[in-house]
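K.L.:
need a structure here:
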Amino acid sequence: MSDITKGFKDIIKTLDLTKLKEQNKLKVWTDNPIQIDFKNGGIVDNSNDLKKAVTILETTLKDSLSSTNSLDEVLMYKDNLNIVSTWLKGCRLQLTKPLDELKKSFTENEKVLDNLKDDIKLKEDSLLEEIYKVRRIHIFNEFQELEDNLGFAIEVDFKVFESFADDKKKNKSFDVNTKGKLNAAAKEQILKQFHLVVDPIIKEKMLQEEKQKEQQLLTMQLSKIKTTGTNEDLESNIKELNLIEDTLDTYFPNIKDNAKSQILSLNKVIHDSINQNDKISKEQKQNLKDLAYIAAIGIIDTDNSDIVSLTALIEDIQNCPDLNNMLPANRKKVSDIISSLDARILELRNVKLRDVQVPKVEAAETPAIYPAGKETIELKQYKLSESDIKFISEIKISAVDENVAIENMVNYIANHLAVSGLKEV
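P.N.:
From the prediction side, this is the model:
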């Protein structure tokens, strides 16, 4: 049976598992294999010897396990390994625990010193911040002086210099001398930063002033262009606009696109005026033509008693090809004339209806359409005229009931047709 402690017996000659088990139980390890010594400010230990002993134990145990088939032996090795493992760990804790407490005591002193360093740092930062404030003020004073002596009326937002000032305030080269002035190198850096910010502002302001001058000149020139007048005058104004547009590159380079837009807009207004003039001229011509037509049909004798001629006249007026082309007001006048003619026709028909005497028609045998021995008779087609249809649609009958009303309506229409007749198709 192999002894797994044989490697440790090179360190402790009288090593015994029974003694180790007892020490493990009491948690007091008198057979301690760990050796630590402090010499010449350093530490001397036997960690290499312990590593060698553990290696021997590992080899011995693995060989024993591979060569045995006895469960009792395996359990015995398990028990022995637990004893050695507990013993070695207990020895290490027994030796290092006091050192841990000593370390804690030492580190408390170190914390006190570190805290004192923090106090010094806070005070240092406080004093430096006062120095930084002074430097920052002198930096911004220099920016302000540069703006005052710029000779160009612009407003600079000094917030744009804060990043620069926050960076340079930590640089000793930005301290002022005994006369309260910054050195030349510091001034040069400030001047460079000033122009980096201000030059684009100056350039933009100069550009805006140029644009304003150009716009004033353009406005003056465009104000002379009239948007009303005769078409001849308006065409001349369009030519004037074209001449102005030809000078955009020379006189209006900074507002060229905007100037083009203004000229285009004014050009459109002038063309709209030309179109309006054309429309008015066309309407005036049409109006004269309409009025001549209205005057021609306005002399119609509305006292005429010939219903047929009046009806034909209405149809002629309604079929006039120029009627739909008339101006709205003139179409209304023609419509009034047609209405007056319709009223005259209705009046004449009512008079005839009152005067007519409808004879009783005896029932007669309807003749044959094709009499025997004679040629076929051609039938003709008839229809109501539009004026008759309109007249009939406006008839109102008063009666005690619908049957009587129907009878009276039929008689009334028959009497009307007997007078006016039907229109042959």
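
K.L.:
poorly predicted segments of the stretch 1-150 of the chain, please.
P.N.:
Applying pLDDT under 70 to the stretch 1-150 of the chain flags the ranges 1.

K.L.:
where along it do the strands fall?
P.N.:
Applying DSSP state E, counting those that start in this stretch to the stretch 1-150 of the chain gives strands spanning 36-39, 42-45.

K.L.:
would a markdown table of the ones you listed with mean neighbour count and distance to residue 287 be doable?
P.N.:
Where you see a C-beta, it was placed from the backbone N, CA and C, and this is true even at glycine. Converted to a markdown table, the strands of the stretch 1-150 of the chain look like this (neighbours: other Cβ atoms under 10 Å; distance: least, Cβ to Cβ, whole Å):
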| stretch | mean neighbour count | distance to residue 287 |
| --- | --- | --- |
| strand 36-39 | 9 | 128 |
| strand 42-45 | 9 | 125 |
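
K.L.:
columns distance to residue 275 on top of these, output as CSV?
P.N.:
Converted to CSV, the strands of the stretch 1-150 of the chain look like this (distance: least, Cβ to Cβ, whole Å):
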stretch, distance to residue 275
strand 36-39, 112
strand 42-45, 109
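
K.L.:
quick check: which of those is nearest to residue 127?
P.N.:
Closest approach to residue 127 among these is made by strand 42-45 (42.0 Å; Cβ to Cβ).

K.L.:
partners of that closest one in the sheet?
P.N.:
Using DSSP bridges, strand 42-45 pairs in its sheet with strand 36-39 (antiparallel).

K.L.:
contacts for the partner strand?
P.N.:
When contacts are defined by Cβ atoms under 8 Å, 6 or more residues apart in numbering, strand 36-39 is touched by residues 43, 44, 45, 95.

K.L.:
got the contact list for the last one?
P.N.:
Which is residue 95. Residue 95 touches 32, 34, 36, counting by Cβ under 8 Å, 6+ apart.

K.L.:
one more: the second one?
P.N.:
The neighbourhood of residue 44, defined by Cβ under 8 Å, 6+ apart, consists of 36, 37, 38.

K.L.:
doesn't residue 197 make contact with residue 161?
P.N.:
Yes. In this structure, residue 161 is within contact of residue 197 by Cβ atoms under 8 Å, at 7.0 Å.

K.L.:
which one's more surrounded, those two?
P.N.:
Here residue 161 and residue 197 are compared on neighbour count by other Cβ atoms under 10 Å; more neighbours surround residue 161, at 21 against 15.

K.L.:
chain neighbours aside, what residue packs nearest to the more buried one?
P.N.:
Computed as Cβ to Cβ, 6 or more residues apart in numbering, the closest residue to residue 161 that is not its neighbour in sequence is residue 143, at 5.5 Å.

K.L.:
tell me which residues touch the residue nearest the centre of the chain, please.
P.N.:
When Cα atoms, centre = their mean is applied to the chain, the residue found nearest the centroid is residue 258 (25.4 Å). With contacts defined as Cβ under 8 Å, 6+ apart, the neighbours of residue 258 are residue 215.

K.L.:
tell me the secondary structure for it?
P.N.:
Secondary structure state of residue 258, per DSSP: H, G, I helix; E, B strand; the rest coil, is helix.

K.L.:
state the distance from it to residue 20.
P.N.:
102 Å (Cβ to Cβ, to the nearest Å).

K.L.:
in contact with residue 346, which residues?
P.N.:
Going by Cβ under 8 Å, 6+ apart, the list of residues near residue 346 reads 391, 394.

K.L.:
in which helix or strand does it reside?
P.N.:
Residue 346 is part of helix 328-355, with elements assigned from DSSP states H and E.

K.L.:
gap between that helix and the chain center?
P.N.:
For helix 328-355, the separation from the chain centroid amounts to 64 Å (computed by Cα atoms, centre = their mean, to the nearest Å).

K.L.:
same question, stretch 382-401
P.N.:
67 Å.

K.L.:
residues contacting it, please?
P.N.:
311, 314-315, 342, 345-346, 349, 405, 408-409, 412-413, 416-417, 420, 422-425.

K.L.:
are any of those residues buried, and which?
P.N.:
311, 314, 342, 345, 349, 409, 416, 420 (16 or more other Cβ atoms under 10 Å).

K.L.:
follow-up on the earlier one: mind checking which of the contacts of stretch 382-401 are in strands?
P.N.:
Under the assignment DSSP state E, the contacts of stretch 382-401 contribute 423, 424 to strands.

K.L.:
for the host helix or strand of residue 200, packing partners?
P.N.:
Taking DSSP H and E as the criterion, the element that holds residue 200 is helix 184-223. On a contact count with 3 or more Cβ pairs under 8 Å, 6 or more residues apart in numbering; DSSP states H and E, helix 184-223 meets helix 71-148, helix 162-168, helix 231-246, helix 256-298.

K.L.:
where does the stretch 151-300 of the chain have low pLDDT?
P.N.:
Applying pLDDT under 70 to the stretch 151-300 of the chain flags no residue at all.

K.L.:
would you mind measuring the gap between the ends of stretch 244-261?
P.N.:
13 Å (Cα to Cα, to the nearest Å).

K.L.:
still on that earlier bit, closest to residue 273 out of the contacts of strand 36-39?
P.N.:
Residue 273 lies nearest to residue 43 out of those, by Cβ to Cβ, at 108.1 Å.

K.L.:
list the contacts for the closest one?
P.N.:
Residues counted as contacts of residue 43 (Cβ under 8 Å, 6+ apart) are 36, 37.

K.L.:
from residue 136, how far out is it?
P.N.:
To residue 136, residue 43 is 53 Å away according to Cβ to Cβ.

K.L.:
cool, and residue 253?
P.N.:
Residue 253 sits at a distance of 44 Å from residue 136 (criterion: Cβ to Cβ).

K.L.:
just residue 222 next, same as before
P.N.:
On the measure of Cβ to Cβ, residue 222 and residue 136 end up 53 Å apart.

K.L.:
cool, and residue 153?
P.N.:
Per Cβ to Cβ, residue 153 is found 27 Å from residue 136.

K.L.:
neighbour-wise, which of the two wins?
P.N.:
Between residue 153 and residue 136, counting by other Cβ under 10 Å, residue 136 is the more crowded of the two (17 against 6).

K.L.:
what sits against the more buried one?
P.N.:
Residue 136 makes contact with 165, 166, 169 under the criterion Cβ under 8 Å, 6+ apart.
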